[in-house]
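In: what's the 3D shape of this:
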Amino acid sequence: MLKISNKVAIPEKEIDIFAVRAQGAGGQNVNKVSSAVHLRFDIAASSLPAFYKQRLLKRADRRINKEGVVVIKAQRHRSQEQNREEALERLRLLIRSVASPPRVRKPTKPSKSARNKRTDQKTQRGRVKQLRKKITP
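Out: This next block holds a predicted model:
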């Protein structure tokens, strides 16, 4: 069970984890050991509450593909188990990030003094430009 919060947890059978060969430098070890981990999690087929699913599917995240599957690749560590733990932690953080609703923006107005200050600056700038003109008799 991957525990997301006190009330929400994901069963391990809903998460597919595959061991793959890691990319990059690593000498002979990288060619013979599958230490990187691919994690796949289908949002629509999961047992997550509906609002988690909706927010995850609406989220613009490159880890979520068009089919609604979260794909995470972890290859930072040398051991497969550490990479597996890191991939699960990244999934946990992704799901937790949509748990709280986004804050509603409150529209604000500039204060009266700020409006007056702005108009005063505009008129002062206009005067400066007037003084730069040539004087015609």
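In: okay, Gly27: pLDDT?
Out: Gly27 carries a pLDDT value of 67.
In: need the three-state assignment for Phe41.
Out: strand (DSSP: H, G, I helix; E, B strand; the rest coil).
In: and the pLDDT for it?
Out: 89.
In: what sits against it?
Out: The contact partners of Phe41, by C-beta atoms under 8 Å, 6 or more residues apart in numbering, come to 10, 14-16, 69-70, 72, 91. Bear in mind the C-beta positions are built from the backbone N, C-alpha and C, glycine included.
In: distance-wise, check Ser79 relative to Arg55.
Out: As for Ser79, its distance to Arg55 is 33 Å (criterion: C-beta to C-beta, to the nearest Å).
In: of these two, which one has the most company?
Out: Between Ser79 and Arg55, Arg55 has the larger neighbour count (other C-beta atoms under 10 Å), namely 18 against 10.
In: find the nearest non-adjacent residue to the more buried one, please.
Out: Nearest non-adjacent residue to Arg55, counting by C-beta to C-beta, 6 or more residues apart in numbering: Val98, 3.8 Å away.
In: what's the local residue count around that neighbour?
Out: Residues near Val98, counting by other C-beta under 10 Å: 19.
In: same thing with the one 4 residues further on?
Out: When counting by other C-beta under 10 Å, one arrives at 7 neighbours for Pro102.
In: name the SS class of it, please.
Out: Here Pro102 is coil, with the state taken from three-state DSSP.
In: give me the local confidence score for it.
Out: pLDDT recorded at Pro102 is 81.
In: with Val33 instead?
Out: For Val33, the model assigns a pLDDT of 75.
In: over to Val37?
Out: Confidence score, pLDDT, at Val37: 88.
In: how close does it get to Lys129?
Out: The spacing between Val37 and Lys129, counted by C-beta to C-beta, is 65 Å.
In: contacts only, for Ser113.
Out: By C-beta under 8 Å, 6+ apart, Ser113 has no neighbours at all.
In: and it, how far from Arg125?
Out: Applying C-beta to C-beta, the value for Ser113 to Arg125 is 19 Å.
In: perfect, I'm done here.
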